[in-house]
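Peer 1: What follows is a predicted protein model with its sequence.
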Amino acid sequence: MPGKNATATRTTAAAEGDVTVLLIGMRINHFWAVHHWLPVFLAMPRMLRELAKDPERGLLNHVLLTASPRTYYVVQYWESKEKLYEYAHAPDTFHHRAWAIINRKERKGQVRGHVGLWHEAYVVPEGSYESIYADMPAFGLAAAHGQVPLERRGKRARDRFAYRSEKTAEKAAGKTAGRRAEKRVVAPEKAADGA
């Protein structure tokens, strides 16, 4: 990571609440069909630049990765699934124009399996993620949400999974109090034999 210095310590991501993650990528099915896959390959950096210029859209951080010489993808961390959906459907974005082109080509029968596209989106509730970074600059989830010393969330993975932010703890306490207030006494049903 250019320009970033590793910290000589162990840290964890400072994320609180739900975390929204998008995995999005492409697979080159036919290397010789450069005119089909190159525009797709170049579209993602353009979208990432567009999002970097407008932080209000909700992209917090991203990591570019390759799975093979054919497969490239991006791990994206978003403020919320709502922000992700807003960007995906906003008519003023490059993403919208790119999908319009792909859909138009598909309707005309011009898409012949030269390039594969995919995405997976996840909303991970607090208590269902944890992280550790040893001698690393802020990376991934920590680059998206900040990082804190490991001790603040727990030295062991199970302790970090058990961490609850103040907001989440208050919300859980409110639900528990609400359930207690809703408890009703229900008379036992008559036995089938009338006893």
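Peer 2: Noted; the coordinates are in hand. Numbering: from 1, shown residues only.

Peer 1: Going by C-alpha atoms from here, please, whenever you check contacts or count neighbours.
Peer 2: Noted.

Peer 1: Report pLDDT for Ala187.
Peer 2: The confidence metric pLDDT takes the value 48 at Ala187.

Peer 1: do Lys183 as well
Peer 2: For Lys183, the predicted pLDDT is 52.

Peer 1: does Val111 really touch Ile101, like I thought?
Peer 2: No - using C-alpha atoms under 8 Å as the test, Val111 is too far from Ile101 to be in contact (10.7 Å).

Peer 1: Quick one: list the elements packing against the helix of greatest length in the chain.
Peer 2: The residue-count maximum for a helix in the chain (DSSP state H) belongs to helix 34-53. Here helix 34-53 touches strand 19-28, helix 94-107, going by 3 or more C-alpha pairs under 8 Å, 6 or more residues apart in numbering; DSSP states H and E.

Peer 1: Tell me where the model's unsure across the chain.
Peer 2: Scanning the chain for pLDDT under 70 picks out the ranges 1-4, 7-8, 175-195.

Peer 1: Kindly recompute the last result at 90.
Peer 2: 1-9, 36, 99, 101-113, 137, 154-155, 164-195 (pLDDT under 90).

Peer 1: Helices along that one, start to end?
Peer 2: Under DSSP H, the chain gives helices at 34-53, 81-89, 94-107, 141-145, 157-162, 166-182.

Peer 1: and these as CSV, adding mean neighbour count?
Peer 2: Supplementary listing: those in CSV, determined by neighbours: other C-alpha atoms under 10 Å:
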stretch, mean neighbour count
helix 34-53, 15
helix 81-89, 15
helix 94-107, 14
helix 141-145, 21
helix 157-162, 15
helix 166-182, 12
